[in-house]
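Chemist: Make a model of this:
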Amino acid sequence: MSPDGEVTRLRDLSPQQWRSGIAAWLGWFFDGLDMHLYILVATPFVAELLGITDQKDPQVGLHSSWIQAAFLIGWALGGGFFGRIGDRMGRSRALMLTILTYTLFTSLSFFAQTWWQLLIFRFLAALGVGGEWAVGAALLSETWPRRWRPWMASVLQTGVNLGVVFAILAYFLLAGAPPRYVFLVGVLPAFLVLWIRRAVPEPDEWQGAKRQSAHAEPGFRELFRGPVRRTTLLTLVVCALTLTAHWAFVFWNVQQLRSLPELSDWSETERNQLVARVAWLVTFASIAGNFLAGALAHWLRYRRAIICFCVAYCVSMLVTYSVPRDYKTLCFGLGVLGLCQGLFALFTMYLPPLFPTLLRTTGAGFCYNFGRIVAGLGIVFFGSFGQVGDQRLAMFYAAFLFLPAAGVALMLPEPPDEQPAGPSGDDHESTGSADTSGPGPLD
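Modeler: Numbering: from 1, shown residues only. Model prediction:
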C-alpha cells in the first residue's frame, strides 16, 4: 500500500477489483472482435448482396462505406445512450445490456439478404459496441488505482487488439467460405453476460455518488454548463478529428490492399489470406503501441503524449501513402501506423476522470463517440478522393486531420484527481475541468 492507502501491487487487489477488470477487458475483447468482422469481408460481402461480380465496381465501395458509416454513427449514439444508462442504473447492469445488444445484431448480420439489411444490423450492433466502451472504461477507472491508469489503458486497449486478432483468425480459417459466415462468431459474447450478472458488483464510488445525489442527478445538459463545458467542447473536437482520420485508415487500407494491381491474378482465397496476415501485423504493432503510449503518458502525462501520437500518426500516414507502393513495401508503413494507434489507448483512462462521477459514462461516452459520427461521414467523404480500386489518396488527405487535433490537444486539461506533474501545479489548477475527487454540485 502507498502512504495514502492506495494499492501499489497486483497481489493487493481485491476480488471485486479483479472481477471488474476482467469484465471490462473481456467486454473490450469482444468489441474488437465485433467491429473488425465487417471490415475484413466488406468488399466481397457487399458485392454479393448487390449481385455484382466485379469487386472493384464503384457501387461496391460506395455501399460498403455507407454501411461502415452507419456502424460508426450507431457506435456514437450507443455511447451516449448506454453511457446515460451506466450513470443512472450502474456500470455492471449497463455492461450486460451493451454486450447483449452487439451479440444479437452481429449474429443477425449472417442472415442479411440486401445491403440495407446489413446496414441496419451493423447500426444496431454498434449501439452496444459504443456503449460498452464508455461503461467498461468507467468501471475500471472507478475500481482500480488511479496511479495505474496509463498501464490500465494499455491493457484494456489490448483487449480490443486481441479481439481483432480473434476476428482475423476466424476470417483466416473461413477464407474459403462465404463471407457472411464470419458473423456467426459474434454469438460468443453472450456467455460473458451470465458471468457478469453473477460476479461483478457495482463500484463503491458510483454507489456512494448515487446515495449522495439523493436522486437529484445531473442531466445531459450539465455537460455544457459551468466548468465542465470547456472540457466537453475540447474533447469533442480532438476525438472527432482523430477518429475521422483513424477510421479512414482502418477501413480504406484493407480495401486498398485488396485492390492492388499486383494481386489481380491472385485467387479470392489468396487475397483473403494476405489481408488477414497484414491485419495481424497492424494489430500486433498496435498492442506494442498501447504500452508505448502508457510509458509516454507516465513520463509526459496525457496531454503531451496525445500530441506526440497525433503528430506521429499524421507523418506515418503521409509517408506511407504519398506514392503508390507494392504490398511488401506497404507492410513497413503499416507496422508503424499500428504503433501510432496507441493514441486511442490514452483516451481510455484519460476521458472518464475528466467528468463528475454521475456524468462519467455520459461525458466520456458522448465526447469520444460523437467523433464516430464525424468519422462515419469522413469515411464516405475521403473515399471520394480515391480512384476506383485505389483508396491511397483517401488516407493521404485524411492524415492532415491529426495536425489540428494536436493543436487543440494543447488546451486539454489533465485529470483533476491526479497529482500535478511539477511543483507549479499549473496543469492541475488551471484547467477549469470538473473536480471529481470530492463532493460537488454534480456529484
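Chemist: contacts, neighbours, all on C-alpha from now
Modeler: Will do.
Chemist: Distance check, residue 306 against residue 23.
Modeler: Note on residue 306: its distance to residue 23, by Cα to Cα, to the nearest Å, is 27 Å.
Chemist: Tell me which of these two has more neighbours.
Modeler: Neighbour tally, residue 306 and residue 23, criterion other Cα atoms under 10 Å: the higher count belongs to residue 306, 27 against 24.
Chemist: Secondary structure element holding the more buried one?
Modeler: Assigned by DSSP states H and E, residue 306 belongs to helix 302-320.
Chemist: List the residue ranges of the chain that fall below the pLDDT cut-off.
Modeler: 1-8, 194, 197, 206, 210, 213-218, 383-390, 417-443 (pLDDT under 70).
Chemist: List the buried residues in the lengthiest helix in it.
Modeler: Longest helix in the chain, counting residues (DSSP state H): helix 15-50. Residues 16-49 are the ones in helix 15-50 that count as buried (16 or more other Cα atoms under 10 Å).
Chemist: What segments of the stretch 51-200 of the chain are strands?
Modeler: Using DSSP state E, counting those that start in this stretch, no strands are assigned anywhere in the stretch 51-200 of the chain.
Chemist: which stretches of it form helices?
Modeler: Assigned by DSSP state H, counting those that start in this stretch, the helices in the stretch 51-200 of the chain fall at 58-89, 91-108, 115-143, 149-173, 190-199.
Chemist: contacting residues around the last one?
Modeler: Under the contact criterion Cα atoms under 8 Å, 6 or more residues apart in numbering, helix 190-199 has outside partners 19, 23, 26, 92-93, 96, 99-100, 103.
Chemist: Please state the offset of it from the chain centre?
Modeler: 22 Å (Cα atoms, centre = their mean, to the nearest Å).
Chemist: angle of that helix against helix 15-50?
Modeler: 160 degrees (axes from the mean of the first three to the mean of the last three Cα atoms, to 10 degrees).
Chemist: Next, the angle from helix 190-199 to helix 91-108.
Modeler: Using the same axes, to 10 degrees: helix 190-199 against helix 91-108 is 170 degrees.
Chemist: Please export the C-alpha coordinates of the next helix or strand after helix 190-199 as CSV.
Modeler: Using DSSP H and E, the helix or strand that follows helix 190-199 in sequence is helix 204-213. C-alpha atoms of helix 204-213 as CSV (Å, rounded to 0.1, in the frame of the first residue of the first chain):
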residue,chain,number,x,y,z
ASP,A,204,-18.3,1.7,-4.5
GLU,A,205,-17.6,5.1,-6.0
TRP,A,206,-20.7,5.0,-8.1
GLN,A,207,-22.9,3.7,-5.3
GLY,A,208,-21.6,6.5,-3.0
ALA,A,209,-22.3,9.2,-5.5
LYS,A,210,-25.7,7.8,-6.2
ARG,A,211,-26.6,7.9,-2.5
GLN,A,212,-25.2,11.4,-2.1
SER,A,213,-27.2,12.7,-5.0
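Chemist: between the next helix or strand after helix 204-213 and helix 15-50, how big is the angle?
Modeler: Once the chain leaves helix 204-213, the next helix or strand it forms, by DSSP H and E, is helix 228-258. Here helix 228-258 runs at an angle of 50 degrees relative to helix 15-50 (the same axes, to 10 degrees).
Chemist: just to revisit the earlier point, quick one: list the elements packing against the longest helix of the chain.
Modeler: If contacts are counted by 3 or more Cα pairs under 8 Å, 6 or more residues apart in numbering; DSSP states H and E, helix 15-50 sits against helix 58-89, helix 91-108, helix 115-143, helix 149-173, helix 190-199, helix 228-258.
Chemist: same thing but 7 Å
Modeler: In this structure, helix 15-50 makes packing contacts with helix 58-89, helix 115-143, helix 149-173, judged by 3 or more Cα pairs under 7 Å, 6 or more residues apart in numbering; DSSP states H and E.
Chemist: ranking the ones you listed by burial, who's on top?
Modeler: Mean neighbour count (mean count of other Cα atoms under 10 Å) peaks for helix 115-143 among the helices and strands packed on helix 15-50, with a mean of 26.
Chemist: just to revisit the earlier point, relative to helix 149-173, how tilted is the longest helix of the chain?
Modeler: Going by the same axes, to 10 degrees, helix 15-50 makes 40 degrees with helix 149-173.
Chemist: when you give positions from now on, start the count at 48
Modeler: Sure, I'll start counting at 48 from here, so that last one is helix 62-97.
Chemist: how many degrees apart are helix 62-97 and helix 162-190 in direction?
Modeler: 170 degrees.
Chemist: For residue 413, which of the helices of the stretch 98-247 of the chain is the nearest?
Modeler: helix 105-136 (4.6 Å; Cα to Cα).
Chemist: how about the closest residue to residue 354 other than its chain neighbours, what does it touch?
Modeler: Nearest non-adjacent residue to residue 354, counting by Cα to Cα, 6 or more residues apart in numbering: residue 453, 4.7 Å away. If you count contacts by Cα atoms under 7 Å, 6 or more residues apart in numbering, residue 453 has them with 354, 357-358.
Chemist: Repeat that for residue 327.
Modeler: residue 212.
Chemist: Which of the helices or strands spans it?
Modeler: Using DSSP H and E, residue 327 falls in helix 315-347.
Chemist: ok, residue 256 - how many residues close by?
Modeler: 20.
Chemist: Any figure for the gap between it and residue 249?
Modeler: Taken as Cα to Cα, the span from residue 256 to residue 249 is 12 Å.
Chemist: How about residue 335?
Modeler: Residue 335 is 31 Å from residue 249, by Cα to Cα.
Chemist: swap in residue 222?
Modeler: Counting by Cα to Cα - residue 222 and residue 249 are separated by 42 Å.
Chemist: do the same with residue 166
Modeler: Counting by Cα to Cα, the gap from residue 166 to residue 249 is 34 Å.
Chemist: For the host helix or strand of residue 394, which outside residues touch it?
Modeler: According to DSSP H and E, residue 394 maps onto helix 390-397. Residues outside helix 390-397 that contact it (Cα under 7 Å, 6+ apart): 184, 188, 196-197, 200-201, 204, 337, 340, 349, 353, 356, 462.
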